[in-house]
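1. Provided below are the primary sequence and the corresponding predicted coordinates.
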Amino acid sequence: MDTVSRTKVIDLLKREDYGSRVNVKGWVRTRRGSKQVSFIALNDGSTINNVQVVVDLAKFEDELLKDITTGACLSVDGILTESVGSGQKVEVQAEKIEILGKCDNTYPLQKKGHSMEFLREVAHLRPRTNTFGAIFRIRHNMAMAIHTFFHEHGFFYFHTPLITASDCEGAGQMFQVTTLDLKNVKRNEDGSVDYSDDFFGKPASLTVSGQLEGELAATALGAIYTFGPTFRAENSNTPRHLAEFWMIEPEVAFYDINDDMDLAEEFIKYCVRWALEKCADDVKFLNDMFDKSLIERLEGVLKEKFVRLKYTDGVKILEDAVKAGHKFEFPVFWGMDLASEHERFLVEDHFKCPVIMTDYPKEIKAFYMKQNEDGKTVRAMDVLFPKIGEIIGGSEREADYDKLKQRIEELHIPMKDMWWYLDTRKFGTCPHSGFGLGFERLLLFVTGMSNIRDVIPFPRTPKNAEF
C-alpha cells in the first residue's frame with residue numbers, strides 16, 4: 001500500500017474527492033460506538049472541528065483497539081467518504097491505524113466539562129481542549145491582524161528593550177533584573193546597595209512599557225509601533241491583571257489627540273473585523289459555549305462611531321446616575337480615577353456603544369501627557385469598551401521642553417534616567433501622539449472570556465509562575 005502524505009483536518013474537511021486514500025494524524029477527542037463499529041473524533045489543532053474516523057472493529061486487533069483512548073495520538077490511513085451523519089460533509093473509513101502515543105486513564109482531560117480554575121492547574125495540557133484551542137488560534141490571528149494593520153498603514157515595527165533603567169509610568173512597580181548574589185549583597189557606606197559588581201553597574205528592571213523609546217523612534221521614522229511583552233510587579237490578583245502581558249504601542253509624529261483617537265478607533269475595529277471574518281468557527285464556538293452575546297457585541301462595535309466624551313462630562317453623567325439612585329461601589333467625584341464599574345456604566349448603560357474619554361485631570365495621568373490650557377487637564381484619551389472598561393490608553397505627548405522638564409521635577413523623577421528622553425524635545429521637537437493596547441485585554445473582548453488568565457498560555461500572577 002502506497003504511503004499517503006498527511007492532510008491537516010482543516011483541509012480534509014473541505015475536500016470532496018470521495019474515494020481518495022488519505023492520511024490524518026491527531027489526538028483522540030472522543031470514542032463512541034457499538035460492538036461492530038467505533039466512531040473516533042480526531043483533532044490536530046488546525047481547526048475547532050474534528051474529523052470523524054469510522055473504524056470497523058472486525059478489521060483491527062483488540063490489542064490495538066484498547067489503546068485508542070481519549071488523548072491518544074493516532075495516525076490513520078483510510079478512504080475519504082461522504083458523511084451520512086450531521087455536522088460535516090466528510091469522514092474517514094479507517095484502513096490502517098498506528099498509535100503514535102498512548103494515553104492512560106490518568107489523563108486529566110477526560111470527556112467531561114472542566115472548570116476554568118481546574119484547567120489553569122493543567123495549563124501545560126489545556127491547549128488541547130476545544131476552548132483553549134479556539135482561544136490560542138484567535139490569539140495568533142489577532143497578532144497577525146495587528147502587524148498587518150500597521151504594515152498597511154506605513155508604520156515600522158520597532159523593537160524596544162525589555163531590560164531598562166527607566167520607569168515609564170513612574171509607578172515604581174517594576175521587576176528588578178540583577179546578577180548580584182542575593183545571599184551576600186555588597187553595600188555602600190550609607191547602607192544602600194552597591195551596584196558596581198552588578199551586570200549593568202546600576203539598577204535595571206524589566207520594562208513596563210516601550211513608549212519612551214518608541215517616542216524616540218517616531219521622531220526619526222515618523223510612525224512606529226511596538227508589540228512585545230511588558231511586566232508589572234503589581235500585587236493585583238484580579239481577573240483583569242497579569243504580571244507579564246503583551247502590549248501594542250503605536251507612536252506617530254505630527255499626530256494630535258484627534259488623530260490619535262481616529263487611529264485607535266480604526267485599529268480596534270480592524271482587529272474585531274478580522275476576528276469575525278478569519279476566526280468565524282472559533283468565535284462561534286466561544287459564542288455558543290460561553291457567551292451567547294459575543295458575536296452580537298463584536299458586530300455592535302463595528303456599527304457605531306465611538307462616542308467622544310470629555311472626562312468632566314463623564315463625571316457629571318455618573319454623578320447624575322448616583323442622584324437618580326444608581327449604586328456604585330466606588331465614590332464619584334471630579335479628580336477620581338475611574339473604576340471599571342464607572343467606565344462600563346458609561347459604555348453599557350448610558351451610551352450603549354464604545355466611548356473615547358478625553359481631557360483627564362493631570363494628577364491621575366502620566367508625566368509625559370500634553371497639558372491643556374486650563375492648567376488642570378491633559379490631552380489623554382482612553383477607549384472604553386463593553387464588559388472590559390479601558391482597553392486602550394493614550395495621549396498627545398508634551399512636546400515643550402520646559403513644560404516636560406517642570407513636570408518631571410514636580411514628580412521627582414530622577415533626571416539621570418530622563419536626559420535622553422528630554423533630548424527629543426531639545427533637538428527638533430515635534431507634536432506627536434500614541435497609545436497602548438494591552439493585547440490580553442483585546443483578547444478578553446474578542447473571545448468573551450471573563451478572566452485574563454485564560455487568554456495567555458501561561459499566566460504570570462502573584463505567587464504563580466508555574467510551567
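-> Looks like it arrived, so ask away.
2. my read: Tyr18 touches Leu80, true?
-> Yes. Counting by Cβ atoms under 8 Å, Tyr18 does reach Leu80; the two are 5.7 Å apart. Every residue, glycine included, has its C-beta placed from N, CA and C.
3. okay, these two: which has more neighbours?
-> Each of Tyr18 and Leu80 has its neighbours counted (other Cβ atoms under 10 Å); Leu80 has more, 21 against 12.
4. where do the helices sit along the stretch 1-150 of the chain?
-> Counting by DSSP state H, counting those that start in this stretch, the stretch 1-150 of the chain has helices at residues 9-12, 62-66, 116-121, 130-152.
5. quick one: neighbours of Asp374, just the number.
-> Asp374 - counted by other Cβ under 10 Å - has 10 other residues nearby.
6. returning to that earlier point: between Tyr18 and Leu80, which contacts overlap?
-> Shared contacts of Tyr18 and Leu80, defined by Cβ atoms under 8 Å, 6 or more residues apart in numbering, comprise Val90.
7. can you give me the angle the strand or helix carrying Phe267 makes with helix 130-152?
-> If you go by DSSP states H and E, Phe267 is part of helix 257-278. Orientation note: helix 257-278 sits at an angle of 130 degrees relative to helix 130-152 (axes from the mean of the first three to the mean of the last three Cα atoms, to 10 degrees).
8. pLDDT on the helix or strand that helix 257-278 is followed by, on average?
-> Using DSSP H and E, the next helix or strand after helix 257-278 towards the C-terminus is helix 280-289. Averaging pLDDT along helix 280-289 yields 97.
9. buried residues in the helix or strand just after helix 280-289?
-> Later in the chain than helix 280-289, the nearest helix or strand by DSSP H and E is helix 294-303. Of all the residues in helix 294-303, those buried under the rule 16 or more other Cβ atoms under 10 Å are Leu294, Ile295, Arg297, Leu298, Val301.
10. which strands or helices does whatever helix or strand comes next after helix 294-303 pack on?
-> Going down the chain from helix 294-303, the next helix or strand is strand 307-310, by DSSP H and E. For strand 307-310, the elements it packs on are strand 355-361, judged by 3 or more Cβ pairs under 8 Å, 6 or more residues apart in numbering; DSSP states H and E.
11. which residues touch the strand it packs on?
-> Outside of strand 355-361, the residues within contact range by Cβ under 8 Å, 6+ apart are 257, 261, 264-265, 306-312, 314, 334-335, 338, 343, 346-347, 372, 376-384.
12. among these, name the buried ones.
-> Applying 16+ other Cβ under 10 Å to the contacts of strand 355-361 flags 257, 261, 264-265, 306-307, 309, 311, 314, 338, 343, 346-347, 372, 377-384 as buried.
13. hmm, who's touching the helix holding Phe267?
-> 138, 141-142, 144-146, 148-149, 250, 252, 255, 283, 295, 298-299, 301-302, 305-306, 308, 354, 356, 358, 370, 379, 381, 383, 391-392, 394-396, 433-435, 437, 442, 445-446.
14. list the buried residues in that helix.
-> 257, 260-261, 263-265, 267-272, 274-276, 278.
15. of the residues you listed, closest to Tyr157?
-> Among the buried residues of helix 257-278, Phe267 lies closest to Tyr157 (Cβ to Cβ), at 14.4 Å.
16. that closest one and Glu343, how far apart?
-> Look at Phe267 and Glu343: by Cβ to Cβ, to the nearest Å, they are 19 Å apart.
17. now Leu444
-> As judged by Cβ to Cβ, Leu444 and Glu343 stand 14 Å apart.
18. same deal with Val193?
-> 40 Å.
19. please apply the same query to Leu384.
-> Separation of Leu384 from Glu343 (Cβ to Cβ): 4 Å.
20. ditto for Thr179
-> 42 Å.
21. try Gly45
-> Counting by Cβ to Cβ - Gly45 and Glu343 are separated by 36 Å.
22. please apply the same query to Ala264.
-> For Ala264, the distance to Glu343 - Cβ to Cβ - is 15 Å.
23. ok, now Arg425?
-> 32 Å.
24. swap in Trp27?
-> 41 Å.
25. now swap in Arg297 and tell me
-> 16 Å.
26. same check, this time on His350
-> 11 Å.
27. what does Pro229 give?
-> 25 Å.
28. then Phe445?
-> 13 Å.
29. cool, Thr447 as well?
-> Thr447 is 20 Å from Glu343, by Cβ to Cβ.
30. let's have the helices of the stretch 1-150 of the chain in JSON lines, adding mean pLDDT.
-> JSON lines is the format used below for those (pLDDT from 0 to 100):
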{"stretch": "helix 9-12", "mean pLDDT": "97"}
{"stretch": "helix 62-66", "mean pLDDT": "95"}
{"stretch": "helix 116-121", "mean pLDDT": "94"}
{"stretch": "helix 130-152", "mean pLDDT": "98"}
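31. pipe these into CSV and attach distance to Gly214 and mean neighbour count per row.
-> Listed next are those as CSV, based on distance: least, Cβ to Cβ, whole Å; neighbours: other Cβ atoms under 10 Å:
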stretch, distance to Gly214, mean neighbour count
helix 9-12, 37, 18
helix 62-66, 57, 10
helix 116-121, 33, 14
helix 130-152, 12, 18
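32. turn those helices into JSON lines, including distance to Ala41.
-> Output for the helices of the stretch 1-150 of the chain, formatted as JSON lines (distance: least, Cβ to Cβ, whole Å):
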{"stretch": "helix 9-12", "distance to Ala41": "10"}
{"stretch": "helix 62-66", "distance to Ala41": "16"}
{"stretch": "helix 116-121", "distance to Ala41": "19"}
{"stretch": "helix 130-152", "distance to Ala41": "10"}
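33. how about those helices, which one is nearest Lys102?
-> helix 62-66 (10.0 Å).
34. who touches the closest one?
-> Ser38, Val55, Leu57, Ile97, Ile99.
35. restricting to C-alpha, output stretch 142-152 in CSV.
-> What follows is stretch 142-152, C-alpha atoms only, in CSV (Å, rounded to 0.1, in the frame of the first residue of the first chain):
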residue,chain,number,x,y,z
MET,A,142,-5.1,38.9,16.5
ALA,A,143,-1.2,39.2,16.4
MET,A,144,-1.4,38.8,12.6
ALA,A,145,-4.1,41.5,12.4
ILE,A,146,-2.1,43.9,14.4
HIS,A,147,1.1,43.5,12.3
THR,A,148,-0.9,43.6,9.0
PHE,A,149,-2.9,46.8,10.0
PHE,A,150,0.3,48.8,10.9
HIS,A,151,2.3,47.5,7.9
GLU,A,152,-0.5,48.5,5.6
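36. which other residues reach that stretch?
-> By Cβ under 8 Å, 6+ apart, stretch 142-152 touches 157, 225, 227, 248, 250, 267, 270-271, 274-275, 278, 439, 442-443, 446.
37. what's the answer for stretch 205-213, then?
-> Residues contacting stretch 205-213 (Cβ under 8 Å, 6+ apart): 158, 160-169, 171, 173-177, 226, 228, 230-232, 247, 249, 251, 368, 421, 434, 436.
38. buried members of those into ChimeraX, please.
-> The ChimeraX command for the buried members of these (criterion: 16+ other Cβ under 10 Å) is given here:
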select :158,160,164,166,167,168,169,174,177,226,228,230,231,232,247,249,251,368,421,434,436
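39. this completes my enquiry, with thanks.
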